[in-house]
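Visitor: show me the folded form of this:
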Amino acid sequence: MADYEVTFARSARRELEGLVPPLANRILSRIEALAREPWPPGARKVQGKQNLWRIRVGDYRIIYSVYDDQRVVDVVKVRHRREAYR
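Guide: Down below sits the predicted model:
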């Protein structure tokens, strides 16, 4: 099975770049792992949204969509849990 391509919304990239480096590196490694496994253990569907999933990295959430037909994982948000679902 071929890997998925990971893309970022411009806002998600900015959010990631604004984090302290140790935290950003932890989150980035989890995002890179999505290319191999788009639905890792612990991935949950975002309630009320058609094609949004979330994974947890400490107090942060990575919110993303998976497009199987194009083999793309699109990272939409990287936010603290209190702001992630707004």
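Visitor: where do the helices sit along the chain?
Guide: Along the chain, counting by DSSP state H, helices occupy 10-17, 21-33.
Visitor: how about JSON lines for these, with mean neighbour count and distance to Q47 added?
Guide: For every residue, glycine as well, the C-beta is placed using N, CA and C. As requested, those are exported to JSON lines (neighbours: other C-beta atoms under 10 Å; distance: least, C-beta to C-beta, whole Å):
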{"stretch": "helix 10-17", "mean neighbour count": "14", "distance to Q47": "20"}
{"stretch": "helix 21-33", "mean neighbour count": "14", "distance to Q47": "21"}
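Visitor: in JSON lines, list those along with mean pLDDT.
Guide: Below are the helices of the chain laid out as JSON lines (pLDDT from 0 to 100):
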{"stretch": "helix 10-17", "mean pLDDT": "95"}
{"stretch": "helix 21-33", "mean pLDDT": "96"}
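Visitor: just for this structure, where's the confidence low?
Guide: Counting by pLDDT under 70, the chain contains low-confidence residues at 1-2.
Visitor: show me where it has strands.
Guide: All strands of the chain, identified by DSSP state E, fall at 5-8, 44-45, 53-57, 60-67, 72-80.
Visitor: could you dump these into CSV with distance to N25 added?
Guide: Formatted as CSV, those follow (distance: least, C-beta to C-beta, whole Å):
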stretch, distance to N25
strand 5-8, 16
strand 44-45, 23
strand 53-57, 11
strand 60-67, 12
strand 72-80, 13
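Visitor: which stretch among those comes nearest A35?
Guide: Proximity to A35, assessed across the strands of the chain by C-beta to C-beta, is greatest for strand 5-8 (5.1 Å).
Visitor: just the CA coordinates of that closest one, formatted as PDB?
Guide: Taking Å, rounded to 0.1, in the frame of the first residue of the first chain, the C-alpha atoms of strand 5-8 are listed here in PDB:
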ATOM      1  CA  GLU A   5       0.500  12.700   0.800                       C
ATOM      2  CA  VAL A   6       0.200  15.100   3.800                       C
ATOM      3  CA  THR A   7      -0.900  18.600   3.000                       C
ATOM      4  CA  PHE A   8      -1.400  21.600   5.300                       C
END
